[in-house]
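Predicted model follows, preceded by the sequence.
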Amino acid sequence: MSDSIPIFFDFGGTLVDTLEVTRRVFKEALGKDFPSSKIKQMYKDTSSKGQSMSMFFKYPVNPVKLLVKRNKLVSLQREIFMEVVELYPQIQETLEKIKKLDKNILLIMVTQNPMMENKEDSLKLMKRLFGDNNPFDQILAGEDKLELIVHNFDPDDIARGVFVGDLPNDVYVSEMLRIPCFGVTWGYSDPGELATPFIVDEIPELVEMIKDHLEDLEEDTSEEIGEIEFEEIEFDDSDDFELISE
């Protein structure tokens, strides 16, 4: 039986800031200069399953023009992403500290970013972001974060995990998995939009929060062991015992 403790991390908005990437893509491909508030809302809309295309009708973007320039959008996103995107300050050192907390910890990136589904692009980007010190054990990329986790991890391992994300959909995924969600406030959501009691305002706080989670896991294990009680039997010195051979 595995003792793995998976710490699932969202990518965009949690580990890296993608606001400038999206702003430049839309400006160059569609001639639209969106403010940060609208870009953040787009991310929140598209993170919800089934809203990836319908959400564009909420914003001043011609859907036909969008489809015609789809290939240009994809190409631009890859090019600008590779050039512009950066880790949030203190992310790398924080991940390294988390990794050292317990030998059973696995750092797992879970993302809906289609670029990360391409192994070559994924390796290239991780190399640029982390150099030779990539702390992640695995990258799961696809449309549905819940399915990615369920299909790649044993239920017992998932139950020991935590999800770290910045969107309401990340909270939803953690609820479906029945694990805590650490909602970070430096991404695309305000604290009031993250329906979790575990709100993280500063990146270094994650280390202590993960440490607390590990302590909770130890306490749960101790309680399970404590439930097994053995009846104590007292023997009198006068008791006579015989050896029985079978």
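On my side now, so go ahead.

Show me what stretch 15-23 is in contact with.
9, 12, 33-34, 36, 39-40, 42-43, 77, 80-81, 84-88, 91, 109, 129 (Cβ atoms under 8 Å, 6 or more residues apart in numbering). The C-beta positions use only the backbone N, C-alpha and C, and glycine is treated the same way.

Averaged pLDDT, that stretch. What do you get?
Mean pLDDT, stretch 15-23: 88.

Only alpha carbons, please: show that stretch as PDB.
Output in PDB follows, covering the C-alpha atoms of stretch 15-23 (Å, rounded to 0.1, in the frame of the first residue of the first chain):
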ATOM      1  CA  LEU A  15       2.200  29.100  -9.800                       C
ATOM      2  CA  VAL A  16       2.500  31.500 -12.700                       C
ATOM      3  CA  ASP A  17       0.900  34.800 -13.700                       C
ATOM      4  CA  THR A  18      -0.700  34.500 -17.100                       C
ATOM      5  CA  LEU A  19      -2.600  37.800 -17.200                       C
ATOM      6  CA  GLU A  20       0.000  39.500 -19.400                       C
ATOM      7  CA  VAL A  21       0.100  36.500 -21.800                       C
ATOM      8  CA  THR A  22      -3.700  36.600 -22.300                       C
ATOM      9  CA  ARG A  23      -3.800  40.400 -22.700                       C
END
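
Phi first, then psi, for G183.
Dihedral angles of G183 (phi, psi; degrees, to the nearest 10) stand at phi -90, psi 120.

Look at Y43 and say how many residues are nearby.
21 (other Cβ atoms under 10 Å).

Would you map out the domains in the chain?
Domain assignment of the chain by automatic domain parsing yields the ranges 1-17+88-246, 19-84.

Drop anything exposed from the contacts of stretch 15-23.
Buried members of these, scored by 16 or more other Cβ atoms under 10 Å, are 9, 12, 34, 39-40, 42-43, 77, 80-81, 84-85, 87-88, 91, 109.

Narrow those residues to those in helices?
Taking DSSP state H as the definition of helices, the buried ones among the contacts of stretch 15-23 contribute 39-40, 42-43, 77, 80-81, 84, 91.

hey, where'd the strands end up in the protein?
Ranges of strands in the chain, per DSSP state E, are 5-9, 16-17, 86-87, 105-111, 138-141, 162-165, 181-184, 199-200.

Need the ones you listed in a markdown table (columns: distance to L73).
Output for these, formatted as a markdown table (distance: least, Cβ to Cβ, whole Å):
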| stretch | distance to L73 |
| --- | --- |
| strand 5-9 | 26 |
| strand 16-17 | 19 |
| strand 86-87 | 21 |
| strand 105-111 | 18 |
| strand 138-141 | 18 |
| strand 162-165 | 25 |
| strand 181-184 | 27 |
| strand 199-200 | 32 |
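
for F136, what are its contacts?
F136 neighbours (Cβ under 8 Å, 6+ apart): 9, 95, 107-109, 126.

Figure out which of the strands of the chain is closest to E218.
Nearest to E218 among those is strand 5-9; the distance by Cβ to Cβ comes to 10.9 Å.
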